[in-house]
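> fold the stuff below for me.
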Amino acid sequence: MGKYKRIISIGAHPLDAELQGGPFMIKYVKEGAKCTFVHVVKGRLTDEKATEEEKQNYEKALKKEIMDTAAAMGCDALCLDYTSADLPGVEEFAGKIADYLKKEEADCVITHGRGTLHPRHYYTYEAVTSAVRALRKEGRDIQLYYGENCEDLAGFTPTVYVSMSEEDEKTWFDGLRNYTIFRGTVNDVPYYDYYHTMGKVRAMEAGADSRVKAYMHAALIDNE
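Next up is the predicted model:
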């Protein structure tokens, strides 16, 4: 890995960016890097019976969870607040992402891998990958990694292993617990069990003593 100073983790939904980029960014925050979690699609109540007030209260509470999670990891957060219905075309969105990355002078980006179960994850993968590729062609020195996500595992081949100290691991999971969804009260996805267990599995692969978070260089499949 490089000596990164401006790292941005881009996730399709709230929680994705932190699951993918958290350990990496916690590590680099300690080294003085500025790190941001970017959320493309906003979380919202889909219950047709929900009142407008209930929807607004839900979005307000979720926004607080996002900001509290980022702060707990020493990062900040940006919510683009799209809904699935109003997402721009991939090419247009890639241009917006490229402009943002240039403005922020990002030198490292983390996002979804190609082999995903979710259409918004794939949309984000396509747009971010296209944006970074365009910036590389302009001569910008910017790295792209795909972070391990339990919904994006098809074709995911780790090429980078980030070891987590006990302190870093605690920081990550304590931060994630700010999300109601991570605590298991929204759906039955076993987020903690998966990422806690995979930390051990990846440590075995890497021959590390502490838990490990896996990443994949985009260069394996996306360089022309």
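> what lies in contact with the longest helix anywhere in the chain?
The residue-count maximum for a helix in the chain (DSSP state H) belongs to helix 52-72. The contact list for helix 52-72, computed with CB atoms under 8 Å, 6 or more residues apart in numbering, reads 14, 18, 36-37, 39, 42-45, 50, 76-77, 79, 171, 174-176, 178-180. No exception for glycine: its C-beta is placed from N, CA and C like everyone else's.
> any of the residues you listed buried? List them.
Neighbour-count burial (16 or more other CB atoms under 10 Å) applied to these gives 14, 18, 36-37, 39, 42-43, 77, 79, 171, 175-176, 178-179.
> quick one on the thing from earlier: so which of the contacts of helix 52-72 are in helices?
Using DSSP H, these in helices are 18, 171, 174-176.
> quick check, nearest of those to residue 144?
Of all the ones in helices among the contacts of helix 52-72, residue 18 has the smallest distance to residue 144: 18.0 Å, by CB to CB.
> returning to what we had before: out of the ones in helices among the contacts of helix 52-72, who's nearest residue 158?
residue 18 (19.0 Å).
> what is the neighbour count of residue 67?
15 (other CB atoms under 10 Å).
> measure it to residue 17 for me?
Going from residue 67 to residue 17 by CB to CB, to the nearest Å gives 13 Å.
> joint contacts of those two?
residue 77.
> picking that back up, out of the contacts of helix 52-72, which sit inside strands?
Counting by DSSP state E, the part of the contacts of helix 52-72 found in strands is 36-37, 39, 76-77, 79.
> so can I have a markdown table of those showing distance to residue 197 and pLDDT?
Putting the ones in strands among the contacts of helix 52-72 into a markdown table (distance: CB to CB, whole Å; pLDDT from 0 to 100) gives the following:
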| residue | distance to residue 197 | pLDDT |
| --- | --- | --- |
| 36 | 28 | 98 |
| 37 | 23 | 98 |
| 39 | 26 | 98 |
| 76 | 29 | 98 |
| 77 | 27 | 98 |
| 79 | 30 | 97 |
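> need the max-distance pair from those residues.
Pairwise over the ones in strands among the contacts of helix 52-72, using CB to CB, the maximum falls at 39 and 76, 11.8 Å.
> ok now stretch 167-180, how far from the chain's centre?
Centre-to-centre, stretch 167-180 and its host chain are 14 Å apart (CA atoms, centre = their mean, to the nearest Å).
> can you give the contact residues for it?
Stretch 167-180 is contacted by residues 14-15, 18-19, 22-23, 26-27, 61-62, 65, 68-70, 72-74, 164, 182-183, 186, 191-192, 195-196, 199, 210-211 when judged by CB under 8 Å, 6+ apart.
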